[in-house]
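K.L.:
Kindly generate the corresponding structure for this input.
(one chain, ligands or ions: 1)
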Amino acid sequence: MKFSEDALEEMLKRYPDKTKKARKKHILVKDSAEAKQVIEANTRTIPGIITNRGCAYAGCKGVVVGPLKDMVHITHGPVGCGYYTWGARRNKARSEDPAQNFINYCVTTDMQEKDIVFGGEKKLAKVIDEVVEILKPKAISVNATCPVGLIGDDINAVAKAAQERHGIPVLAFSCEGYKGVSQSAGHHIANNILMDRVIGNSEMEEAPGRFAINMLGEYNIGGDAWEIDRILKEIGYTVVSTMTGDGSYEELRNAHTADLNLVQCHRSINYIAEMLEKKYGTPWLKVNFIGVQGTINSLRDMAVYFGDEDLIQKTEEVISREVARIQPIIDQYRKICEGKTAFCFVGGSRGHHYQGIYSELGIDTVLAGYEFAHRDDYEGRDVIPDIKTDADSRNIPELQVSTDERRFRLKVSPEKMEELKRKIPLSSYNGMNVEMQEGNIIVDDLNHYETEEFIKLLKPDIFSSGIKDKYVVQKMGIPSKQLHSYDYSGPYAGFNGAANFARDIAMSFSTPTWNYIVPPWKDQPLLEGKMVGGDEKAC
Ligand code: CFM
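P.N.:
Here you go, the predicted structure:
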């Protein structure tokens, strides 16, 4: 074991008793000798703790809905909520019709105190009218922020009236920030409405080409989806829609025609994947296009699913050509990276997905975790029946879908499906814990105190996380790589992405900058304080 329970106890000892008990359930040391390692996840962050989590509005508008480029996304709320979801996530988009690409716009109702007192519905209706007049989008989304729910604005009624007035879809998302315990709630709300109002609402009955797929849970951060698209199209796949990076309302309407759904980020979009299977009979396959090996495995699994000889051959041709081109570049960078250690703490998928590429570079991920994932993202989907639904989860409506009698068709026979399930991850995801090395640590909702303490204990060579903790870590003299926005770089997916990632990580290790940093606490007096024994109110 690389990390002892004693060290963990020592670290947690600083918490008041109740907090310590609660946090302990969110931390695991990987130990395969234990039959089943259970982790607590998707529960409320204890008030006062500095978490990296976001809110339901961030998960809905910022993550799932926002990247749809031919829609205008209106933030109904204070200007700050709009501002902080404006461009920071780097979900890129381009369009053949630049007049229908609104990705760089930030539209908000800019709620003021007056609106909180007298209501914001009229203001929202006016903003929708202005958007239609000036930008003429194909569709509009209205995204609720906390005050909207608190004062009781009826955004559904406003959206419905505007839809009738203008003759374009106006979708209302009741994703008030406080719903659920994190942005995960917002993903679910967004999934429900996209499934209910957008997917399948076109006249298209057949996919526009062979081997038709939807790419789910890929948000084109730093151009990732473009690199995946390049590879898939070269092999011969027809990409019907990408949800939702560089995606569009228009494409999404046709998603029912695909033969297979690929799921990159399980956490944010597993709801749509399941509903598409139930409604249209389209199976979903878990893929991971991060890392050379992850990309190869995903491409081979897809080829197995379709079982077409020419497709299998083309897949292998592309893999050998790309590996021959990319591997020598990665091998150069690996010389710099080999033997190093990393922390890999990201939202709900990347904490797992990036471990593969780290290990390809010879880097051991000694600590990993998710901000807001659920137990199945750690322990695998088998655990879903054991997850207790609490009051926070019940707050999010479950959309009941049924089979579409006209459009449902089995893409593969039940026997073939069983056979395929034994070979490839169809309707299945094993979770992060499986791939963690013995003795390494898994932490759910890692907070800032624990970040600093774990860094002191494990002394990682690189810390990968987000903007909220990046600078604290850098001031400790440790390189930090943002795996949310990629720090202005990318793409990191696919073959070209793997080479970019290797270059950026090697660059972090090679710069002498870290030796010059003197954190403020090294040469300035510190205020000392202490907790009063075990009394929760004292912190
Ligand atoms: Fe999925 Fe994401 Fe992630 Fe996520 Fe996010 Fe993101 Fe993320 Mo930041 S959808 S769960 S809500 S892969 S914005 S593109 S990087 S926390 S790990």
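K.L.:
near the ligand, which residues of the stretch 201-350 of the chain?
P.N.:
Residues of the stretch 201-350 of the chain lying close to the ligand (CB under 6 Å from any ligand atom) are Gly217, Tyr219, Ile221, Cys265, Arg267, Ser268, Val346, Gly347, Gly348, Ser349, Arg350. Quick note: C-beta positions are derived from backbone N, CA and C, even for glycine.
K.L.:
can you pick the most crowded of these?
P.N.:
Neighbour counts for those (other CB atoms under 10 Å) peak at Ser268, which has 30 neighbours.
K.L.:
I'd say that residue and Val64 touch.
P.N.:
Yes - checked against CB atoms under 8 Å, the pair Ser268 and Val64 is within contact range at 6.1 Å.
K.L.:
Enumerate every residue touching the closest residue to the ligand within the chain.
P.N.:
Closest residue of the chain to the ligand, CB to the nearest ligand atom: Gly347 (2.1 Å). Listed by CB atoms under 8 Å, 6 or more residues apart in numbering, the contact partners of Gly347 are Gln183, Arg267, Tyr370, Glu371, Phe372, Ala373, Gly466, His484.
K.L.:
And for Glu133?
P.N.:
Glu133 neighbours (CB under 8 Å, 6+ apart): none.
K.L.:
centre of the chain versus the helix or strand hosting Val472, how much separation?
P.N.:
Element membership of Val472, judged by DSSP states H and E, is helix 467-475. Distance of helix 467-475 from its chain centroid, counting by CA atoms, centre = their mean, to the nearest Å, is 20 Å.
K.L.:
is it up against the ligand anywhere?
P.N.:
No - against the ligand, helix 467-475 shows no contacts by CB under 6 Å from any ligand atom, the least distance being 9.5 Å.
K.L.:
so what strands line up beside the helix or strand following that helix?
P.N.:
Downstream of helix 467-475, the next assigned helix or strand under DSSP H and E is strand 480-482. The partner list of strand 480-482 in its sheet, established with DSSP bridges, is strand 462-465 (parallel).
K.L.:
What ranges does the stretch 201-350 of the chain have for its strands?
P.N.:
Taking DSSP state E, counting those that start in this stretch, the strands of the stretch 201-350 of the chain run over residues 212-218, 238-244, 260-263, 284-286, 341-346.
K.L.:
name the helices or strands packed onto the first one?
P.N.:
In terms of contact count using 3 or more CB pairs under 8 Å, 6 or more residues apart in numbering; DSSP states H and E, strand 212-218 is assigned the packing partners helix 224-235, strand 238-244, strand 260-263, helix 266-280.
K.L.:
quick one: contacts for Glu360?
P.N.:
Applying CB under 8 Å, 6+ apart to Glu360 gives the contacts Gly291, Val292, Gln293, Ile330, Arg334, Ala498.
K.L.:
Just the ones of the residues you listed in helices?
P.N.:
In this view, the contacts of Glu360 that belong to helices under DSSP state H are Val292, Gln293, Ile330, Arg334, Ala498.
K.L.:
Please report which of the residues you listed has the highest neighbour count.
P.N.:
Greatest neighbour count in the ones in helices among the contacts of Glu360, by other CB under 10 Å, goes to Ala498: 31 neighbours.
K.L.:
Now the two most distant members of the contacts of Gly347.
P.N.:
Spatially, the most separated pair among the contacts of Gly347 is Arg267 and Gly466, at 15.4 Å (CB to CB).
K.L.:
quick one on the thing from earlier: report the set of residues contacting both of Ser268 and Val64.
P.N.:
By CB under 8 Å, 6+ apart, Ser268 and Val64 have these common neighbours: His187.
K.L.:
Okay, buried residues for the helix or strand containing Asp6 please.
P.N.:
Element membership for Asp6 (DSSP H and E) is helix 5-12. The neighbour-count check on helix 5-12 (16 or more other CB atoms under 10 Å) flags Leu8, Met11, Leu12 as buried.
K.L.:
go on, stretch 90-102?
P.N.:
So for stretch 90-102, counting by 16+ other CB under 10 Å, buried means Arg90, Asn91, Lys92, Ala93, Gln100, Asn101, Phe102.
K.L.:
That one close to the ligand?
P.N.:
No - Stretch 90-102 is not in contact with the ligand by CB under 6 Å from any ligand atom; minimum separation 7.2 Å.
K.L.:
chain center to that stretch: distance?
P.N.:
Distance, centroid of stretch 90-102 to centroid of chain: 21 Å (CA atoms, centre = their mean).
K.L.:
go on, stretch 50-67?
P.N.:
9 Å.
K.L.:
average pLDDT for it?
P.N.:
Mean pLDDT, stretch 50-67: 97.
K.L.:
ok, is it in contact with the ligand or not?
P.N.:
Yes - Stretch 50-67 is in contact with the ligand by CB under 6 Å from any ligand atom, via Gly59, Val63.
K.L.:
What residues sit buried inside that stretch?
P.N.:
51-67.
K.L.:
Could you tell me which of the residues you listed are located in helices?
P.N.:
Ala56, Tyr57.
K.L.:
For the residue lying closest to Ile50 once chain neighbours are set aside, grab phi and psi.
P.N.:
Distances taken as CB to CB, 6 or more residues apart in numbering put His448 closest to Ile50, at 4.0 Å, once the chain neighbours are dropped. Main-chain dihedrals, His448, degrees, to the nearest 10: phi -70, psi -30.
K.L.:
separation between the residue lying farthest from the centre of the chain and Glu452?
P.N.:
Within the chain, Pro525 marks the point farthest from the mean C-alpha position, 40.2 Å out by CA atoms, centre = their mean. Shown here: Pro525 relative to Glu452, a distance of 19 Å by CB to CB, to the nearest Å.
K.L.:
Touching, Leu426 and Thr282? I think so.
P.N.:
No - counting by CB under 8 Å, Leu426 stays clear of Thr282, with 11.1 Å between them.
K.L.:
Quick check on these two: which one has the bigger neighbour count.
P.N.:
Counted by other CB under 10 Å, Leu426 and Thr282 do not tie: Thr282 has more neighbours, with 24 against 20.
K.L.:
dump the residue contacts of that one.
P.N.:
Contacts of Thr282 by CB under 8 Å, 6+ apart are Asn214, His256, Ala258, Asp259, Leu260, Asn261, Leu276, Lys411.
K.L.:
Look at Pro397 and give its secondary structure.
P.N.:
Assigned with DSSP: H, G, I helix; E, B strand; the rest coil, Pro397 falls in the coil class.
K.L.:
Against Ile235, how distant is it?
P.N.:
Taken as CB to CB, the span from Pro397 to Ile235 is 39 Å.
K.L.:
More neighbours: these two, which one.
P.N.:
The neighbour comparison of Pro397 against Ile235 (other CB under 10 Å) goes to Ile235, with 19 against 10.
K.L.:
Next up, the contacts around the more buried one.
P.N.:
Taking CB under 8 Å, 6+ apart as the test, what Ile235 contacts is Leu299, Leu311, Lys314, Thr315, Val318.
K.L.:
Repeat that for Pro525.
P.N.:
Taking CB under 8 Å, 6+ apart as the definition, Pro525 has no contacts.
K.L.:
on that earlier part again, tell me which of the contacts of Thr282 is nearest to Ser241?
P.N.:
Out of the contacts of Thr282, the member with the shortest distance to Ser241 (by CB to CB) is Asn214, at 5.0 Å.
K.L.:
For that closest one, give the beta-bridge partners.
P.N.:
Ser241, Asn261.
K.L.:
Wait, it touches Thr257, no?
P.N.:
No - under the criterion of CB under 8 Å, Asn214 is not in contact with Thr257, lying 9.0 Å apart.
K.L.:
and for those two, which residues touch both?
P.N.:
The contact lists of Asn214 and Thr257 share Val240, where a contact means CB under 8 Å, 6+ apart.
K.L.:
who has more neighbours, those two?
P.N.:
Asn214 (30 against 21).
K.L.:
hmm, back to that, for the ones in helices among the contacts of Glu360, work out which two are farthest apart.
P.N.:
Most distant of the ones in helices among the contacts of Glu360, by CB to CB, are Gln293 and Arg334, 13.3 Å apart.
K.L.:
list the contacts for Leu457?
P.N.:
Leu457 touches Phe3, Ala7, Met11, counting by CB under 8 Å, 6+ apart.
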